[in-house]
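# have a look; sequence and predicted model below, questions after that.
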Amino acid sequence: MSLPQPLGTQLRVMKYLFKGIALGRGLKVRNPGGFERLVAAIYGTPDRVPILAQPYTYAMSMHGLEASVFFSKARPFIGASFNFARYFDIDFWSPVFDFYNIEAEALGQRLIWRKHSEPDVDTSQPLIKSEDDLKRLRPPVPGVSGRMPFVLESYKRYIELMGIPPMVYACSPFTMAVLLRGYVNFIRDIRRNPRFAHRLLDFLSMEVVVPWIEKMVETTTASIVVMSDAWASQPNVTTDMVREFCLPYIEKIVKATNSSLRTVVDTGSWGECSVGDPREVLDIKYEMITRGNFFKSLRPLFLLVWNEDYEKIGIVTARRYAEEKSVCLMLNVRPNLIEEGPPEAIVSAMRKIIREGAGRGKFVIIMNLIPVASPLENVFTVVESVKQFGSYPISDEIETIPFRPPAFMPFSDWFRREGLPLD
């Protein structure tokens, strides 16, 4: 007798989690998979540094898809992303769409669609032009409004292919307020009409984000929910603004949606290099991932620092902070490095990232954005650099380890032989 699908999925995840945690704690684990390696890296020391990727528009471009299809139809969206991950042999991947827009569009915000890039909010037509607009606004129907059905269907398809739930994504209320109100208008609200700003944030938190998270978790049994908060970053806003108008609402959402088996975090902000003391922003980012979460030491927490910041404040600074807080450090690979290369420059950069960032564990490398013009060789070079230099313990002679250039089949040939059909 087969188990019910949600229960079967949860048991499978628990098995992988225990195996990954065992690996991270130094126990021998035979042939760990990518997900287990990621878990090991979050909680301890894996066999090597894992590489996480967001296929996104690069997968769309590889398959010759247009945005109107890729960002609205689950089968080609997940199929193209799955093929990307298999072709490049990525440890773990997330089904990332334009997650900043989903709730806003479901509320009625107009988007601008282009052929070869993700849709954007039409900033010339903000949905909330005045306080009266907020009074008239009605919450979306979770899983029904806008492209929410596409998101849920994509997650279901991911589970069918991967056997485990994905990380699920939501837009944080602060960033959503900027998208719906307009940056200038919302900053003016914060300064001149804070009562309205708080009303808007409370509505977006409790009437929009919380029901949407609950619906996604109900559909997927996801154990990690990631909110992203690009606009709650320096120098877009001050750290005082973040503390008053962002962090309290993150805490409200987390307390309303997390559980002992589910972790809800806010990530995606940046700005360490925009302030005098990087710790000022690192402290905020740490609060974003811990606010409202009890039993922090048991949570899969990760501190994400972007290349715009770590290239200026130094990887070592970020590494020391993550070790002080006992959380996993996640660093991205600079997108234009992947696009421009050359491979020798990529290899050199990856050596530095691993040498200074990997430490004794609790470290992940992410390709969050691969420009569509990036040569296949450059993407393979990133992946192979991690595999060749990232084994623990990290070698003291990493600079002298020769790099073996990757050999790979043209994607068109691979797709004909092994690719998942998109229809």
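Done, it's in.
# ok, Pro32 to Val327 distance?
21 Å (CB to CB, to the nearest Å). To be clear about C-beta, it is placed using only N, CA and C from the backbone, and glycine gets the same treatment.
# show me where pLDDT drops low in this protein?
1-8, 10-11 (pLDDT under 70).
# counting neighbours, what do you get for Asn31?
Asn31 has 6 neighbours, counted by other CB atoms under 10 Å.
# next, it: secondary structure please.
Secondary structure state of Asn31, per DSSP: H, G, I helix; E, B strand; the rest coil, is coil.
# could you do Asp266 as well?
strand.
# doesn't Tyr43 make contact with Arg25?
Yes - the pair Arg25 / Tyr43 is scored as a contact, 7.4 Å apart, by CB atoms under 8 Å.
# those two - which one has more neighbours?
Using other CB under 10 Å as the criterion, Arg25 and Tyr43 rank with Tyr43 on top: 23 against 13.
# against Ile289, how distant is the closest residue in space to that one that isn't next to it in sequence?
Leaving aside its chain neighbours, Tyr43 sits nearest to Gly24 (4.3 Å; criterion: CB to CB, 6 or more residues apart in numbering). To Ile289, Gly24 is 18 Å away according to CB to CB.
# and Ile394, by the same measure?
25 Å.
# how about Ser68?
34 Å.
# for stretch 246-262, buried residues please.
Going by neighbour count (16 or more other CB atoms under 10 Å), the buried part of stretch 246-262 is Cys246, Leu247, Tyr249, Ile250, Glu251, Lys252, Ile253, Val254, Ala256, Thr257, Asn258, Arg262.
# one more: stretch 231-244?
Residues of stretch 231-244 classed as buried by neighbour count (16+ other CB under 10 Å): Trp231, Ala232, Ser233, Gln234, Asn236, Val237, Thr239, Met241, Val242.
# the fifth one is in contact with Tyr183, isn't it?
Think Asn236. Yes - using CB under 8 Å, Asn236 makes contact with Tyr183 at a distance of 7.5 Å.
# Gly26: how many residues sit nearby?
Gly26 has 11 nearby residues by other CB under 10 Å.
# surely it meets Pro46?
No - the pair Gly26 / Pro46 is not scored as a contact, 10.3 Å apart, by CB under 8 Å.
# now do the helices in the stretch 301-423 of the chain.
Along the stretch 301-423 of the chain, counting by DSSP state H, counting those that start in this stretch, helices occupy 307-313, 315-325, 335-340, 343-357, 376-389, 411-418.
# CA atoms only for the first one - export them in PDB, please.
I take that to be helix 307-313. Taking Å, rounded to 0.1, in the frame of the first residue of the first chain, the C-alpha atoms of helix 307-313 are listed here in PDB:
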ATOM      1  CA  ASN A 307      29.000  40.100  -4.500                       C
ATOM      2  CA  GLU A 308      28.300  43.900  -4.600                       C
ATOM      3  CA  ASP A 309      29.000  43.900  -0.900                       C
ATOM      4  CA  TYR A 310      31.500  41.100  -0.200                       C
ATOM      5  CA  GLU A 311      33.800  42.300  -3.000                       C
ATOM      6  CA  LYS A 312      34.100  45.600  -1.000                       C
ATOM      7  CA  ILE A 313      33.800  44.600   2.700                       C
END
